[in-house]
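**Student:** Got a predicted structure here, sequence first:
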Amino acid sequence: MLKIEYQGQFKKDYKEAIKRGYNPELLAEVVSILANEQPLPPKYKDHNLTNSRNYKGMRECHIQPDWLLVYQISKKVLILRLIRTGSHSDLF
């Protein structure tokens with residue numbers, strides 16, 4: 001199981017997501033799958049972020065159609081880094 005590391009901006013984004021009425025259980029489900037090193041089901045549209053300067057080498061998945069999670073997995077140190085969460089307009 002990967003250790004979960006919450007980046008500072010993620011913590012702020014998470015609080016904002018809760019204010020907007022997003023269901024935190026949906027995020028927890030995705031994080032649990034990732035932390036257990038399981039592949040995300042296709043409905044989450046998990047993919048590499050290759051064309052983004054700010055998020056190069058990271059991945060993104062869709063918790064809901066306009067609720068995203070940007071994350072990074074470091075297998076060398078067994079860490080799941082939660083980088084950002086929010087809508088497309090928040091992140092890009």
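**Tutor:** Looks like it came in fine. Numbering: from 1, shown residues only.
**Student:** alpha carbons only for contacts and neighbour counts from here, please
**Tutor:** Will do.
**Student:** quick one: least confident helix or strand in this structure?
**Tutor:** Every helix and strand in the chain was compared by mean pLDDT, DSSP states H and E; the lowest is helix 88-91, with a mean of 89.
**Student:** Just the CA atoms of it, as CSV, please.
**Tutor:** Taking Å, rounded to 0.1, in the frame of the first residue of the first chain, the C-alpha atoms of helix 88-91 are listed here in CSV:
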residue,chain,number,x,y,z
HIS,A,88,-11.2,22.0,-15.2
SER,A,89,-11.2,25.8,-14.9
ASP,A,90,-9.6,25.7,-11.4
LEU,A,91,-6.7,23.5,-12.6
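**Student:** Go ahead and name everything in contact with it.
**Tutor:** Identification of contacts with helix 88-91 by CA atoms under 8 Å, 6 or more residues apart in numbering yields D66, W67, L68, R84, T85.
**Student:** Need the distance between the two termini of stretch 41-61.
**Tutor:** Stretch 41-61 has its terminal residues 10 Å apart, counting by CA to CA, to the nearest Å.
**Student:** on that earlier part again, from the contacts of helix 88-91, keep the buried residues only.
**Tutor:** W67, L68, R84, T85 (16 or more other CA atoms under 10 Å).
**Student:** Show the backbone phi and psi for E37.
**Tutor:** With angles defined as degrees, to the nearest 10, E37 sits at phi 60, psi 40.
**Student:** and it, how many neighbours?
**Tutor:** By other CA atoms under 10 Å, 15 other residues sit near E37.
**Student:** Could you measure from it over to L68?
**Tutor:** Going from E37 to L68 by CA to CA gives 19 Å.
**Student:** circling back: in strands only, show me the buried ones among the contacts of helix 88-91.
**Tutor:** Judged by DSSP state E, the subset of those located in strands is W67, L68, R84, T85.
**Student:** and the first one, what does it touch?
**Tutor:** Residues in contact with W67 (CA under 8 Å, 6+ apart) are T85, G86, S87, H88.
**Student:** List the contacts of stretch 33-44.
**Tutor:** Stretch 33-44 has contacts (CA under 8 Å, 6+ apart) with M1, L2, K3, I4, V30, D46, C61, H62, I63, Q64, L80.
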